[in-house]
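Asker: just need the structure, nothing else, for what follows:
(chains A and B)
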2 protein chains.
Amino acid sequence: MGARGGIDLGGTKIQAVVVGEDHAVLGQARHPTPRDGGPAGVASQMIEALREAAGQAGVEPKALAGVGVGSPGAVDHAAGTVEHARNLPDWEEPFPLAKTLSKALGTKVALGNDVQVAVDAEFALGAGKPYESILGVFWGTGVGGGIVLEGKPWLGRGAAGELGHMVVRRDGAKCPCGRRGCVEAYAGRAAMEERARRAAAGGEKTRLFEIMEKDGRTRLTSGVWAKALEHDDPLATRLVHRAVEALGAGVASAVNLLDVEAVVIGGGLGTRLGQRYAKRIERAMLPHLFVSERPPPVHVAALGDLGGAIGASLLVSA
Amino acid sequence: MGARGGIDLGGTKIQAVVVGEDHAVLGQARHPTPRDGGPAGVASQMIEALREAAGQAGVEPKALAGVGVGSPGAVDHAAGTVEHARNLPDWEEPFPLAKTLSKALGTKVALGNDVQVAVDAEFALGAGKPYESILGVFWGTGVGGGIVLEGKPWLGRGAAGELGHMVVRRDGAKCPCGRRGCVEAYAGRAAMEERARRAAAGGEKTRLFEIMEKDGRTRLTSGVWAKALEHDDPLATRLVHRAVEALGAGVASAVNLLDVEAVVIGGGLGTRLGQRYAKRIERAMLPHLFVSERPPPVHVAALGDLGGAIGASLLVSA
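Answerer: The predicted structure follows:
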């Protein structure tokens, strides 16, 4: 098989890669996810990004063995459609993403769940490589999860892995999903930002928004959080601590249930905050682990920012 | 294969069965678990119970194809030993249970985890029969769990299924396991009894202990709780409601992670309180389910009190 394409479709960015037979990245491009133009606008941007990555790699898109896409929302593999992609603009109805991309790029397109392909990539090529069974945790705007058991992704009835919506405090904080007390209500970057904005509006001192503006951002990105932590910003420190505690309880609960060999932490915040915070999550798990004498190691996703796109490229069948 | 024996070793009772080729129960006996005499005393009582069940079935123990044992604690299958059986008296060190029983009964003995064999029995012969993937929840003195995925028990590194120690409230109620906020801290009968005793000592009105004494019990058994609920006892009603809410959150978290097809509720309280309370747990799950439009059905364990012993008999290989 020749070169393959992979696209990681996120709420803030579209990451495209072109990889060779050995999964080495030959070209890559990152575009912001357009906020208007709906699914068709997003698809256009995905096509542009993939063309740019292919150009870098020196191959025509139509010469690729195929392109895989890791998408949020509900992916219908057979129909090649995506619906209910809530982090994307005006994307409720099923949109024929596979067909649209395939027509423009001149090669076949396979769709998969964004978090699951990222977990598959870490399992096959990254931090999960030494293990048979892992739990992947994607700590970003939301908190996603994926499970690999005895070498195979476990998808349940199609929606397994929702670690971010395990309950760590009944009747607890409001989650962006509308429920209460989920891991994501404490650890999702969107929920953290909302809480930070309320605290700042209430007069709490923080450099988070100053750093955000200096960086030319309109949201508290993972980089903004990381810089605020470096400055020992008290609000950032408190909210990240709160997130780590919620992740510790949620991941420990998942480990008590599944007893996997290892945990891999990825996502925007997970990779940006890195090993030091992976260790903190490992420590935050300890008080909750039922079998506390052999806690599973917690690794940072090894493929970093490109993991999702590389994982998407694994969807292209031989 | 001829008749087989099965023993369910519990903290309060030892249940033995002898089953035929079609898994029909040919004889059964139930003895209280002795509180003194240590592991050897418990083993003697297990031998007695199995002999009694075999007598009822009209077979000699040594004529059985084998005897399976579902045991609490850490079971070492290869060594035939059980250790850390915390609900059993003075049972910390490894005890050679398989050898002791095998010598006395004159047939081979296989050990398994008590909850897992009960889940396997419900999957193979009971309420889980129509499904490929189930979560079994055993609601009794503690809260145990077992997982079957695509027809096979999922054991992880040997300790999977600890649904009772998933966290539903960080820094919440103290659990008998020593940790905080576990499902079992709210829903385990031992934790519920402790809370009831404290409430009664604090002057709260309840008929729980009156019913207990009338029944000739020294503990709040499942039957005592059930009768108190029938009398609309306010303390019993409140504590069972609290247990149901914790189970709802914990089971929903497990479903969000695993997306199994169905949930089976067994255990002393689960089977005694029956379908009406299984429905309540199903309702208590709803506010926490991430995919709320297709909640998995919650069934009561169909094999009832004998499920653990029947499941243990499945350990005897052909």
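Asker: show me where pLDDT drops low in chain A?
Answerer: A:1, A:318 (pLDDT under 70).
Asker: how about a cut-off of 80?
Answerer: A:1, A:86-87, A:318 (pLDDT under 80).
Asker: where along it do the strands fall?
Answerer: If DSSP state E is used as the criterion, the strands of chain A fall at A:4-9, A:13-19, A:25-32, A:67-71, A:74-76, A:81-83, A:109-113, A:134-139, A:143-149, A:152-153, A:262-266, A:298-300.
Asker: name the helices or strands packed onto the second one?
Answerer: Going back to what we said before, that points to strand A:13-19. Applying 3 or more C-beta pairs under 8 Å, 6 or more residues apart in numbering or on different chains; DSSP states H and E, we find strand A:13-19 packed against strand A:4-9, strand A:25-32, helix A:38-57, helix A:307-313. C-beta: built from backbone N, CA, C; applies to glycine.
Asker: dump the last one to CSV, restricted to CA.
Answerer: Taking only C-alpha atoms (Å, rounded to 0.1, in the frame of the first residue of the first chain), the coordinates of helix A:307-313 have been written out as CSV:
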residue,chain,number,x,y,z
GLY,A,307,-2.2,11.2,16.9
GLY,A,308,-5.8,11.8,15.8
ALA,A,309,-4.8,12.3,12.2
ILE,A,310,-2.4,9.4,12.1
GLY,A,311,-5.1,7.3,13.8
ALA,A,312,-7.5,8.4,11.1
SER,A,313,-5.1,7.2,8.4
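Asker: show me where the stretch 101-250 of chain A has helices.
Answerer: A:114-125, A:183-187, A:189-201, A:208-214, A:222-230, A:234-258 (DSSP state H, counting those that start in this stretch).
Asker: show me what contacts the nearest residue to A:Gly144 once chain neighbours are set aside?
Answerer: The shortest distance from A:Gly144 to any non-neighbouring residue, by C-beta to C-beta, 6 or more residues apart in numbering or on different chains, is to A:Val115 (3.6 Å). By C-beta atoms under 8 Å, 6 or more residues apart in numbering or on different chains, the contact set of A:Val115 is A:70, A:136, A:138, A:144-146, A:161.
Asker: and the helices of the stretch 101-250 of chain A, which is most packed in?
Answerer: Mean neighbour count (mean count of other C-beta atoms under 10 Å in any protein chain shown) peaks for helix A:183-187 among the helices of the stretch 101-250 of chain A, with a mean of 30.
Asker: returning to that earlier point: make CSV out of the helices and strands packed on strand A:13-19 and add distance to A:Val18 and mean neighbour count.
Answerer: Listed next are these as CSV, based on distance: least, C-beta to C-beta, whole Å; neighbours: other C-beta atoms under 10 Å in any protein chain shown:
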stretch, distance to A:Val18, mean neighbour count
strand A:4-9, 5, 30
strand A:25-32, 4, 17
helix A:38-57, 4, 20
helix A:307-313, 8, 32
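Asker: need those in a markdown table with distance to chain B, can you?
Answerer: Formatted as a markdown table, these follow (distance: least, C-beta to the nearest C-beta, whole Å):
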| stretch | distance to chain B |
| --- | --- |
| strand A:4-9 | 20 |
| strand A:25-32 | 28 |
| helix A:38-57 | 22 |
| helix A:307-313 | 20 |
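Asker: which residues touch the residue lying closest to A:Leu26 once chain neighbours are set aside?
Answerer: Leaving aside its chain neighbours, A:Leu26 sits nearest to A:Ala57 (3.6 Å; criterion: C-beta to C-beta, 6+ apart). By C-beta under 8 Å, 6+ apart, A:Ala57 lies in contact with A:3, A:18, A:26-27.
Asker: before we move on, what about A:Thr81?
Answerer: A:Thr81 neighbours (C-beta under 8 Å, 6+ apart): A:75, A:94-98.
Asker: what's the closest of those residues to B:Ala43?
Answerer: Ranked by distance to B:Ala43 (C-beta to C-beta), the contacts of A:Thr81 are led by A:Val75 at 54.5 Å.
Asker: look up how far A:Gly142 lies from that closest one.
Answerer: 16 Å (C-beta to C-beta, to the nearest Å).
Asker: ok, now A:Gly73?
Answerer: Taken as C-beta to C-beta, the span from A:Gly73 to A:Gly142 is 12 Å.
Asker: same question, A:Arg4
Answerer: 27 Å.
Asker: same check, this time on A:His299
Answerer: 21 Å.
Asker: neighbour-wise, which of these two wins?
Answerer: Taking neighbours as other C-beta atoms under 10 Å in any protein chain shown, A:His299 and A:Gly142 compare with A:Gly142 leading, 26 against 22.
Asker: from B:Val168, how far out is A:Ala249?
Answerer: 9 Å.
Asker: same check on A:Val19?
Answerer: As defined by C-beta to C-beta, A:Val19 lies at a distance of 42 Å from B:Val168.
Asker: please say which of these two ends up with more neighbours.
Answerer: B:Val168 (32 against 27).
Asker: what sits against the more buried one?
Answerer: Taking C-beta under 8 Å, 6+ apart, we find B:Val168 in contact with A:167-170, B:181-183, B:186, B:246, B:249-250, B:253.
Asker: try 6 Å this time
Answerer: A:167, A:170, B:183, B:246, B:249-250 (C-beta atoms under 6 Å, 6 or more residues apart in numbering or on different chains).
Asker: repeat that for A:Ala309.
Answerer: Per C-beta under 6 Å, 6+ apart, neighbours of A:Ala309: A:6, A:8, A:15, A:17.
Asker: skipping adjacent residues, who's closest to whichever residue of the stretch 101-250 of chain A sits closest to chain B in space?
Answerer: Residue nearest to chain B within the stretch 101-250 of chain A: A:Gly156 (2.5 Å; C-beta to the nearest C-beta). The shortest distance from A:Gly156 to any residue other than its chain neighbours is 2.5 Å, reached at B:Asp259 (C-beta to C-beta, 6+ apart).
Asker: what's the neighbour count on that neighbour?
Answerer: Using other C-beta under 10 Å, B:Asp259 is surrounded by 22 other residues.
Asker: and it, what does it touch?
Answerer: Per C-beta under 6 Å, 6+ apart, neighbours of B:Asp259: A:156-157, A:159-160.
Asker: drop anything exposed from those.
Answerer: A:156, A:159-160 (16 or more other C-beta atoms under 10 Å in any protein chain shown).
Asker: which one of the contacts of A:Thr81 is nearest to B:Lys279?
Answerer: Using C-beta to C-beta, these come closest to B:Lys279 at A:Val75, 33.0 Å.
Asker: so in terms of bridging, what pairs with that closest one?
Answerer: A:Val82 (DSSP bridges).
Asker: OK, contacts around it?
Answerer: With C-beta under 6 Å, 6+ apart, A:Val75 has these contacts: A:82, A:111, A:113.
Asker: with A:Arg280 instead?
Answerer: Counting by C-beta under 6 Å, 6+ apart, A:Arg280 has contacts A:Val244.
Asker: how much space between it and chain B?
Answerer: 15 Å (C-beta to the nearest C-beta, to the nearest Å).
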